[in-house]
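Q: sequence and computational prediction follow.
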Amino acid sequence: MAFVLDASVVLAWLLPDERSDLARQLVARAVHERPRAPSLLLFEVGNALLQAERRTRLRRATRLELLDAFTALPITIEPVAAETILRASELAASHSLTLYDACYLELAISRACSLASFDDSLCKAARAEAVIVLGDRPA
């Protein structure tokens, strides 16, 4: 079954100092289940890797290798349309989320998918909206 994958999981899989078994398991599911993500995932992950390089957590060559690994993942990228932003902004306001995080939640709701995230606020909002959170830690 398809699920929505957010940047926190991807970065926990990619970044050497943040790697986790749960992130590895969730990304491994991508091979068979082809997760979805709003197009902003590309910018969030790319920017986080660039910031890691600027803070000397990564070398340039490593950043580029990780970016290649990320773009090779079989993720269905969904465009963020005006209607998406309107619905996401309501979710953001209702749950005190950033608009970025609310876009992941909006996609999970609109596509009737579960959500893979390590962001506590986003997971809490997803549970409040009756969205299943993969790898969820107890509340």
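A: Good, I have the coordinates.

Q: now the end-to-end length of stretch 94-101.
A: 12 Å (C-alpha to C-alpha, to the nearest Å).

Q: ugh, wrong one, I meant stretch 89-107
A: 12 Å.

Q: could I get the average pLDDT for that stretch?
A: What stretch 89-107 shows for mean pLDDT is 98.

Q: starting at the chain centroid, how far to that stretch?
A: Centroid separation for stretch 89-107 versus its chain: 13 Å, with C-alpha atoms, centre = their mean, to the nearest Å.

Q: identify each buried residue in it, please.
A: Buried residues in stretch 89-107, counted by 16 or more other C-beta atoms under 10 Å: 91, 92, 95, 97, 100, 101, 102, 103, 104, 105, 106, 107. Glycine gets a C-beta too; all of them are placed from N, C-alpha and C.

Q: in CSV, list the C-alpha atoms belonging to the helix or strand harbouring residue 52.
A: Assigned by DSSP states H and E, residue 52 belongs to helix 40-54. This file holds the C-alpha atoms of helix 40-54, laid out as CSV (Å, rounded to 0.1, in the frame of the first residue of the first chain):
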residue,chain,number,x,y,z
LEU,A,40,8.6,20.2,-1.9
LEU,A,41,10.4,17.1,-0.6
LEU,A,42,13.0,17.6,-3.4
PHE,A,43,13.8,21.1,-2.0
GLU,A,44,13.7,20.1,1.6
VAL,A,45,16.1,17.2,1.2
GLY,A,46,18.4,19.1,-1.2
ASN,A,47,18.5,22.1,1.1
ALA,A,48,19.2,20.0,4.2
LEU,A,49,22.1,18.3,2.5
LEU,A,50,23.5,21.7,1.3
GLN,A,51,23.2,23.0,4.9
ALA,A,52,25.0,19.9,6.2
GLU,A,53,27.8,20.6,3.8
ARG,A,54,28.0,24.3,4.8
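
Q: following it, which helix or strand comes up?
A: Toward the C-terminus from helix 40-54 - assigned by DSSP H and E - lies helix 60-71.

Q: tell me which other helices or strands that following helix touches.
A: When contacts are defined as 3 or more C-beta pairs under 8 Å, 6 or more residues apart in numbering; DSSP states H and E, helix 60-71 sits against helix 7-14, helix 40-54.

Q: fine by me, we can end here.
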